[in-house]
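**Student:** Need a 3D model of the following:
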Amino acid sequence: MSKFDQLVRVQTDRIESLKRLFSNVKKDSSARKTEIYFEKRLNQIDEFNKEFHQAHHTLICMADYEESVYKQQNTISQFEDLGMEVYCFVAEEKKRIYPGTVTHNESANSTITTHVEEVRIPLPKLPVPKFSGNCADWPSFHDAFLRLIHNNERLDKIQRFHFLKEALPVGLDNDIRQIALTEANYEVAWTTLLQRYNNPRIVFASHMNMLYNLPNLSKEKSADIRSMVSTVNVCIAACNTVKAPLQGGDFWLTHYLTTKLPKDTHTAWEHHLGSKIDVPSYKDLQQFLNDRLVTLDAIESRNACSGMKQSNETSDGTKRVRVHSAHTRSGASASACYHCGNLHILRRCPQFLSMDCYQRKEVASKAKLCLNCLGKSHTQASCPSNKNCLHCGQRHHTMLHFPATQPTLIPSSTSCQSSAASSDAKPTLQCMSTTTSSMTHRKVLLATARVVLSNTQTGCQATVNALLDQGSEATIISEHAVQSLQLSRSTTRTSITGVGQDSGRRCKFIIW
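**Tutor:** Just a heads-up that it's a prediction; the model follows:
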């Protein structure tokens, strides 16, 4: 037996107990009917009344209440009628036998009233209606203000005028705001507001514009479809308010809304209609969309739960558990600089910033830091950062970038054995300082020149930095220079390896 059925059975038993009390009072002899006898019976009736209403309050909050026999038979009314009859009979009997005593009527009435009040659910206070200044919102504001403020007899005109000014939007209707706050001016302000906004034609046009401005839904999402249905229902209700109903001739509305639906929803709507030849109404479309929303809500809820489950499991099916750990460093703080020991990170260390790139790398290597992010907890090979050097794009920190060991003409992937371009060398000679991969950091001077290359066939020119290497076996040119000169090329699979390098770089093209 469910809890609901148990409570209903208890309620039935209380009614039967009240009937037995009534019967006993009638048949008891006059010798037993003392003042204490009547007081005890009246208190017993009060107790039945209190317990019955408390249980009734619990029953009406349960799901089975609406369809129950308890509600259909109106059991609460039966009990209250019986209780009032029994109470009045006992009180009258007491007054008849003991006319000089005070009856229990006042306390009983207050008790019954208190119990009835307990059944009522306390409601929050209604806020003072606010007007947005939009004509589409005027009908709802007008009805609410009329009911709560304008027709409220407990408010005088000064109070109504004050609430009216508070309800107006900021920056609009300043002429009404500037009217003096007097009783006579309230009717003037209210009439002015009615003449300005109580215009059914403008209200109708505003809501029709809302219909015509509905967006085309590209994806089938329950939130978007529900928003569209809600907007349409608001517009229909507003049109009914201004006596311009859309129902009855809403077939055009149904067709118009189907053009706004996403492709999947529109396809499902056509399948829903099937072989029907009657023109569907908006009521048919609304019922279909409501059923569709139930399905979409279930699917989206399942997908959300599935996504959370997958995020908590690894690829082999084992559950991932997030563990938070903490440790303290003895001596220096966890944010202390690895170089000077002060409370700042290495990238903000003034001494570290004043060093050149070679000295910075030596500091990072001595502290066993990641050369890509200058972190401590991992190596350069396992660095989780996706950021590279801003100068060359390689996997090292920008502060650890070494000057190029070759001019900007070298890092190209285009090789040519016989160039179609001629060079006009300028008399300026530049020297570049670079280093090898040796740990001794010896400096080597290489001769470079600023030259202008020109394509005799197209007439295109490009100014580049050239490395003057007399022992070079091939001329290497950058991709940017090839495109600037519009040189002809063909693909190749040649690999170029420099002196002292373990791996080479592949050439993509060759110039003929």
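
**Student:** alpha carbons only for contacts and neighbour counts from here, please
**Tutor:** Noted.

**Student:** any idea how far the most centrally placed residue in the chain is from Pro215?
**Tutor:** In the chain, the C-alpha nearest the mean C-alpha coordinate belongs to Ala223, at 11.4 Å (Cα atoms, centre = their mean). Relative to Pro215, Ala223 is positioned 13 Å away (Cα to Cα, to the nearest Å).

**Student:** before we move on, back to that, residues contacting the residue nearest to the centre of the chain?
**Tutor:** Residues counted as contacts of Ala223 (Cα atoms under 8 Å, 6 or more residues apart in numbering): none.

**Student:** same question, Tyr197
**Tutor:** 135, 138.

**Student:** Adjust the sequence numbering to begin at 209 for everything that follows.
**Tutor:** Renumbered: residue one is now 209, and that last one reads Tyr405.

**Student:** how about low-confidence regions in the stretch 409-558 of the chain?
**Tutor:** 455-457, 514-543 (pLDDT under 70).

**Student:** Which positions within the longest helix seen in the chain qualify as buried?
**Tutor:** In the chain, assigned by DSSP state H, the helix with the most residues is helix 490-519. Neighbour-count burial for helix 490-519 flags 490, 493, 496-497, 500-501, 504 (criterion: 16 or more other Cα atoms under 10 Å).

**Student:** swap in stretch 554-568?
**Tutor:** Neighbour-count burial for stretch 554-568 [16+ other Cα under 10 Å]: 554, 557, 560, 565, 568.

**Student:** what sits up against that stretch?
**Tutor:** Under Cα under 8 Å, 6+ apart, the answer for stretch 554-568 is 545-548, 582, 607-610.

**Student:** and those as a markdown table, adding secondary structure?
**Tutor:** As requested, these are exported to a markdown table (DSSP: H, G, I helix; E, B strand; the rest coil):
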| residue | secondary structure |
| --- | --- |
| Cys545 | coil |
| Tyr546 | coil |
| His547 | coil |
| Cys548 | coil |
| Leu582 | coil |
| Met607 | helix |
| Leu608 | helix |
| His609 | coil |
| Phe610 | coil |
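
**Student:** Give me the buried entries from those.
**Tutor:** Of all the contacts of stretch 554-568 considered here, the ones buried according to neighbour count by 16+ other Cα under 10 Å are 545-547, 582, 607-609.

**Student:** for these, which one is nearest His350?
**Tutor:** Ranked by distance to His350 (Cα to Cα), these are led by Leu582 at 66.6 Å.

**Student:** isn't the closest one right up against His605?
**Tutor:** Yes - counting by Cα atoms under 8 Å, Leu582 touches His605, with 7.3 Å between them.

**Student:** can you give me phi and psi for Thr671?
**Tutor:** phi -100, psi 120 (degrees, to the nearest 10).

**Student:** go on, the one 5 residues further on?
**Tutor:** The main-chain torsion angles of Leu676 are listed as degrees, to the nearest 10 and equal phi -90, psi 90.

**Student:** Can you report how many residues neighbour it?
**Tutor:** By other Cα atoms under 10 Å, 12 other residues sit near Leu676.

**Student:** Quick check: it touching Thr656?
**Tutor:** Yes - counting by Cα under 8 Å, Leu676 touches Thr656, with 5.5 Å between them.

**Student:** Met418 falls within a helix, correct?
**Tutor:** Yes - if the criterion is three-state DSSP, then Met418 is within a helix.

**Student:** Would you check how far apart it and Ile444 are?
**Tutor:** Separation of Met418 from Ile444 (Cα to Cα): 11 Å.

**Student:** Which of those two has more residues huddled nearby?
**Tutor:** A count of neighbours by other Cα under 10 Å puts Ile444 above the other of Met418 and Ile444, at 20 against 16.

**Student:** thinking Val298 is in contact with Gln252, fair?
**Tutor:** No - if you go by Cα under 8 Å, Val298 and Gln252 don't touch, sitting 11.2 Å apart.

**Student:** end-to-end on stretch 682-696?
**Tutor:** End-to-end distance of stretch 682-696 (Cα to Cα): 17 Å.

**Student:** quick check: mean pLDDT across that stretch?
**Tutor:** Here stretch 682-696 scores 80 as its mean pLDDT.

**Student:** cool, stretch 279-287 as well?
**Tutor:** The pLDDT scores in stretch 279-287 average 85.

**Student:** and it, how far out from the chain's middle?
**Tutor:** Centroid displacement of stretch 279-287 relative to its chain, using Cα atoms, centre = their mean, to the nearest Å, is 46 Å.

**Student:** Buried ones in that stretch, by neighbour count?
**Tutor:** 283-284, 287.

**Student:** Name the residues that touch it?
**Tutor:** The contact list for stretch 279-287 (Cα under 8 Å, 6+ apart) reads 223, 264, 273.

**Student:** Which neighbouring elements make contact with the host helix or strand of Leu653?
**Tutor:** Assessed by DSSP states H and E, Leu653 sits inside strand 651-663. Counting contacts by 3 or more Cα pairs under 8 Å, 6 or more residues apart in numbering; DSSP states H and E, strand 651-663 packs against strand 629-643, strand 669-675, helix 687-693.

**Student:** Next, count neighbours for Ile253.
**Tutor:** If you count neighbours by other Cα under 10 Å, Ile253 ends up with 21.

**Student:** Next one: it, what pLDDT does it get?
**Tutor:** We have a pLDDT of 88 for Ile253.

**Student:** these two touch, right, it and Phe297?
**Tutor:** No - Ile253 lies out of contact with Phe297 (Cα under 8 Å); the separation is 11.5 Å.

**Student:** Let me see the contact set for Leu608.
**Tutor:** 565-566, 568-569, 579 are the contacts of Leu608 under Cα under 8 Å, 6+ apart.
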